[in-house]
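Peer 1: sequence plus predicted model, see below.
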Amino acid sequence: MKIVLVGYMGSGKTTVGKLLAKKMNLKFLDLDDYIEVSEEKSISKIFVENGEIYFRKKEFQYLEEVLSNNDNVVLSTGGGTPCYGENMNTILAATKNVFYIKVSIAELVERLSLEKEHRPLIKDINDKEMAEFIGKHMFERSYFYTKAHHTVTVNKNSVEEVVKNISEVLV
Ligand code: S3P
C-alpha cells in the first residue's frame with residue numbers, strides 16, 4: 001500500500017506520516033529528507049546554492065524515484081511538491097490513497113511564524129506579512145491540494161485523531 005500526504009508547509013505531514021506508518025506497519029519516507037540525503041545538502045542550501053528551479057527539478061526526479069521504488073510506504077511530500085509540473089498527476093497515478101492535510105490559514109500563520117528558519121520560501125517574511133503571504137499562496141496551491149482523494153481537516157485535533165481519520169478510509 002502507498003499512502004501520500006500533501007499539504008502546506010507546517011500542516012504536520014511529517015508528524016502524521018510517521019505515526020500513520022507505524023500504525024499501518026509501513027515504511028515512512030519524507031521527500032524533503034530523501035532529497036537532502038540524495039543531494040548531500042540541506043533544502044535551504046540547495047535553494048541558496050542551486051536555486052529553486054534546480055530544487056523543483058530534483059523534487060520531481062526523487063518523487064518519481066520514491067514512488068516507483070517503494071510499494072509499502074507512507075510518503076510525506078514537501079508543501080510545493082504537488083503544485084509543480086506533472087507532480088500531482090504522478091502522485092495520483094501511483095496510488096488511490098492521497099490525503100490533503102488541511103489546516104486553517106490562521107493556524108498555519110501561528111505555526112510557521114515559529115518555525116520559518118529552515119524554510120527558504122518564508123524565512124524572510126516578517127510576522128506582519130505572514131498571513132497575507134500564506135493566504136495568497138494557499139489560494140494558488142489549493143487547486144492542486146484538493147485533487148487529493150481525501151481531505152483531512154485538522155484544527156485542534158491530535159495527531160492520533162488525524163491518523164485514525166486517515167486509516168478509516170484507506171483502500
Ligand atoms: C516547500 C516546502 C518545504 C520544502 C521546500 C519548499 C514549498 O517542505 O519542500 O522548502 O514549496 O512549500 P515542507 O512542507 O515540509 O516544509
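Peer 2: Okay, I see it.
Peer 1: contacts, neighbours, all on C-alpha from now
Peer 2: OK.
Peer 1: which residues of this protein lie near the ligand?
Peer 2: Applying C-alpha under 6 Å from any ligand atom, we find that the chain lies next to the ligand at Tyr8, Met9, Gly10, Asp32, Gly78, Gly79, Gly80, Arg119, Pro120.
Peer 1: one more pass at 5 Å, please.
Peer 2: Where proximity means C-alpha under 5 Å from any ligand atom, the interface of the chain facing the ligand comprises Met9, Gly78, Gly79, Gly80, Arg119.
Peer 1: show me the contacts for Asp71.
Peer 2: Residues counted as contacts of Asp71 (C-alpha atoms under 8 Å, 6 or more residues apart in numbering) are Met1, Lys2.
Peer 1: what sits against Ser42?
Peer 2: Glu36.
Peer 1: look at the residue of the chain most remote from its centre and tell me its secondary structure.
Peer 2: Farthest-out residue of the chain from its mean C-alpha position, per C-alpha atoms, centre = their mean: Lys128, at 24.5 Å. Lys128 carries the three-state label helix when classified by DSSP: H, G, I helix; E, B strand; the rest coil.
Peer 1: picking up where we left off before, any chance of the residues of the chain next to the ligand in JSON lines, plus pLDDT?
Peer 2: Below are those laid out as JSON lines (pLDDT from 0 to 100):
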{"residue": "Met9", "pLDDT": "97"}
{"residue": "Gly78", "pLDDT": "98"}
{"residue": "Gly79", "pLDDT": "98"}
{"residue": "Gly80", "pLDDT": "98"}
{"residue": "Arg119", "pLDDT": "95"}
